[in-house]
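Asks: build me a structure from this.
(one chain, ligands or ions: 1)
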Amino acid sequence: MQTDFLDKLRDILGEKGLLTGQDVHAGYHTDPRGTGDVRPEAVLRPASTSQVSQIIAFCHEASQPVVVQGGLTGLVAGARPEHGEIVISLERMNKIEEIDTKAGKITVQAGTPLQVVQEAADAHDLVYPLDLGARGSCSIGGNLATNAGGNRVIRYGMTRDLTLGIEAVLADGTIVNSLNRHIKNNTGYDLKQLFIGSEGTLGLITRATLRLFPKPKTQVVAFCAADTFDAVLDLMTHMRSALGSDLSAFEVIWAKTYEAILADVAGVKAPVPLGHAFYVLIEMMGSDVVNDSEKFETCLGEALEKDMIVDAVLSRSTAEIDAFWDVRDGMAYAMGKQQPAVGFDISLSIADMKTIEEVLLTRLQSALGEVRLFIGGHLADGNLHLVAKATGDRPQPRDQIQDIVYEWVGEVGGSISAEHGIGTLKRAYLRQSRSATELALMRTLKQAMDPKNILNPGRVFSSQANHLG
Ligand code: ZN
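Replies: Predicted coordinates:
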């Protein structure tokens with residue numbers, strides 16, 4: 001890279017805004033599941049939208065590709081630099097600019113960690129309901145770019161549903177201020193949706209106005225065991241109709257995964273004993289301090305009477321609520337501990353969730369010998385996380401496992417990515433979930449908005465125009 005190129009960037013960003021050489025530490029070029037490790041020549045750390053605009057305009061002029069970074073917790077290698085790219089990190093753009101408590105809105109800079117936004121809302125007796133395991137390190141910009149999901153989608157929706165407006169910088173440096181503050185605003189194209197979930201390929205999100213909700217006054221959690229998948233479905237229908245929108249989580253853990261959590265995650269205690277087929281965490285968040293606990297307990301009692309569940313414990317304290325959630329959150333650790341193994345984040349219909357374990361074990365084992373499967377996730381959203389591990393002393397047949405799983409997901413009309421995005425790790429399989437017409441339209445948008453292909457090139461789909469992967 002030319003010295004005068006870096007000098008120009010330093011002029012725009014100041015000394016603190018440009019890192020080179022030894023200052024480019026591993027945090028800027030590795031992520032938890034990443035395989036490659038390309039150290040970028042420079043990390044740009046803008047402190048304002050104006051600086052973002054200037055550096056993007058300059059990179060555009062020089063046809064210099066960039067990769068934009070939030071917390072690097074996306075797990076699809078979308079934010080890790082590839083050869084020839086420089087990094088733009090929004091870590092200095094981490095301020096909460098405005099909270100409107102009456103209207104339930106918060107405007108934040110894109111580099112603000114999710115947890116900081118949650119805490120700011122909480123301090124005003126409000127809630128920003130997006131919640132996921134990486135809350136302390138992921139950033140709002142990354143949540144938006146990947147349309148993150150998480151644990152409370154059943155009640156509040158995905159990041160897309162929580163966003164009123166955004167400000168973004170286009171590939172040529174143009175600032176698009178679309179910081180809409182209205183819940184209802186049908187004035188032409190909803191431009192923010194171009195940027196939400198497009199993984200930084202169409203523009204760089206710099207600020208956002210997000211929705212806040214009244215903080216629920218009650219929270220009760222039950223941890224249950226069920227012996228059949230049909231019973232779990234009956235339980236879900238029962239709880240949904242009884243609790244309505246007060247049902248805030250319905251998380252299911254398959255037996256093998258529950259065993260792994262109890263064996264591998266330190267400090268986790270079994271809320272209910274092993275020996276059943278499925279384990280379910282159910283959460284209610286309501287507003288009736290006097291009656292909610294009893295209402296929830298009555299619903300669970302009915303579920304027990306009707307044989308939907310065979311065992312259940314109800315939280316009696318905040319500590320117990322945390323302990324139950326620790327078991328659910330332990331799923332990510334237990335799955336991570338299976339490494340080397342292959343992880344998936346898929347959406348399926350209910351019928352396919354019922355057969356997933358049997359179908360995939362049969363297909364994987366007939367091709368690859370003994371394989372272990374760990375399954376669990378946000379059942380009410382139709383989103384499961386899955387880890388497949390070929391056992392024995394051999395390298396993981398990663399590509400074969402992915403081919404078999406994604407082929408099945410394509411066959412049944414599922415989605416190869418439910419909440420993590422495509423990044424670079426899943427792009428070869430995108431066509432299993434999206435039609436050729438859809439892919440062509442995505443390319444048309446990319447070509448129109450980033451003709452020089454400098455923004456997160458190769459994320460979502462390959463940069464070669466005639467390459468479908
Ligand atoms: Zn998840």
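
Asks: wasn't V220 part of a strand?
Replies: Yes - residue state for V220 (DSSP: H, G, I helix; E, B strand; the rest coil) corresponds to a strand.

Asks: quick check: bridge partners of it?
Replies: Each beta-bridge partner of V220 is listed here, defined by DSSP bridges: M284.

Asks: give me the distance between it and D329.
Replies: Spatial separation of V220 from D329 under the definition Cβ to Cβ, to the nearest Å is 18 Å. Backbone N, C-alpha and C define where each C-beta goes, glycine included.

Asks: between the two, which one's more packed in?
Replies: Between V220 and D329, counted using other Cβ atoms under 10 Å, the more crowded position is V220 (24 against 19).

Asks: what's the spacing between the more buried one and N186?
Replies: Computed as Cβ to Cβ, the V220 to N186 distance reads 39 Å.

Asks: do A168 as well
Replies: From A168 over to N186 the distance is 20 Å, taken as Cβ to Cβ.

Asks: can you check A390 too?
Replies: Between A390 and N186 the distance is 51 Å, computed by Cβ to Cβ.

Asks: which one's more surrounded, those two?
Replies: Legend: neighbour count by other Cβ under 10 Å for A390 and N186, higher for A390 (22 against 6).

Asks: quick one: contacts for the more buried one?
Replies: Listed by Cβ atoms under 8 Å, 6 or more residues apart in numbering, the contact partners of A390 are 364, 368-371, 396-397, 401.

Asks: next step: the residues you listed restricted to strands.
Replies: Filtering the contacts of A390 for membership in strands, criterion DSSP state E, returns V371.

Asks: closest to N180 out of the contacts of A390?
Replies: Out of the contacts of A390, the one with the shortest distance to N180 is I401. That distance is 43.0 Å, counting by Cβ to Cβ.

Asks: from what I see, that closest one and L368 are in contact.
Replies: Yes - in terms of Cβ atoms under 8 Å, I401 counts as a neighbour of L368; the distance is 7.1 Å.

Asks: neighbour count: those two, which is higher?
Replies: I401 (22 against 18).

Asks: what sits against that one?
Replies: Contacts here follow Cβ under 8 Å, 6+ apart; on that basis I401 touches 342, 364, 368, 371, 388, 390.

Asks: and the nearest residue to the first one once chain neighbours are set aside, how far from E419?
Replies: When you say that, I think you mean V342. The spatially closest residue to V342, leaving aside those adjacent along the chain, is I401, at 4.5 Å (Cβ to Cβ, 6 or more residues apart in numbering). Note on I401: its distance to E419, by Cβ to Cβ, is 20 Å.

Asks: can you list the residues that contact the helix or strand Q193 falls within?
Replies: Secondary-structure assignment from DSSP states H and E places Q193 in helix 192-195. Contacts to helix 192-195, defined as Cβ under 8 Å, 6+ apart, come from residues 144-145, 160, 163, 165-166, 168, 178, 180, 202-203, 205, 445, 449.

Asks: and if we set it to 10 Å?
Replies: Helix 192-195 is contacted by residues 141, 144-145, 147, 160, 163-170, 176, 178-180, 201-205, 208-209, 445, 449 when judged by Cβ atoms under 10 Å, 6 or more residues apart in numbering.

Asks: keep only those of those that are in helices.
Replies: Residues from those lying in helices, with DSSP state H as the criterion: 141, 144-145, 445, 449.

Asks: burial count for S317?
Replies: Summarising burial for S317: neighbours were counted as other Cβ under 10 Å, giving 8.

Asks: no no, V221
Replies: Taking other Cβ under 10 Å as the neighbour definition, V221 ends up with a count of 24.

Asks: just the pLDDT for it.
Replies: Among the per-residue scores, V221 holds a pLDDT of 98.

Asks: grab the nearest non-local neighbour of it.
Replies: If the residues on either side of it in the chain are set aside, V221 comes closest to S315, at 4.4 Å by Cβ to Cβ, 6+ apart.

Asks: so who does that neighbour touch?
Replies: Going by Cβ under 10 Å, 6+ apart, S315 touches 219-223, 271, 283, 293, 296, 321-325.

Asks: a markdown table please, covering those residues and showing distance to G84.
Replies: Listed next are the contacts of S315 as a markdown table, based on distance: Cβ to Cβ, whole Å:
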| residue | distance to G84 |
| --- | --- |
| Q219 | 49 |
| V220 | 53 |
| V221 | 48 |
| A222 | 52 |
| F223 | 49 |
| P271 | 50 |
| E283 | 46 |
| S293 | 58 |
| F296 | 55 |
| I321 | 48 |
| D322 | 45 |
| A323 | 48 |
| F324 | 47 |
| W325 | 42 |
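
Asks: please indicate which of those are buried?
Replies: By the neighbour-count criterion of 16 or more other Cβ atoms under 10 Å, those include these buried positions: 219-223, 271, 283, 293, 296, 323-325.

Asks: look up the residues forming beta bridges with A168.
Replies: Beta-bridge partners recorded for A168 (DSSP bridges): V176, I205.
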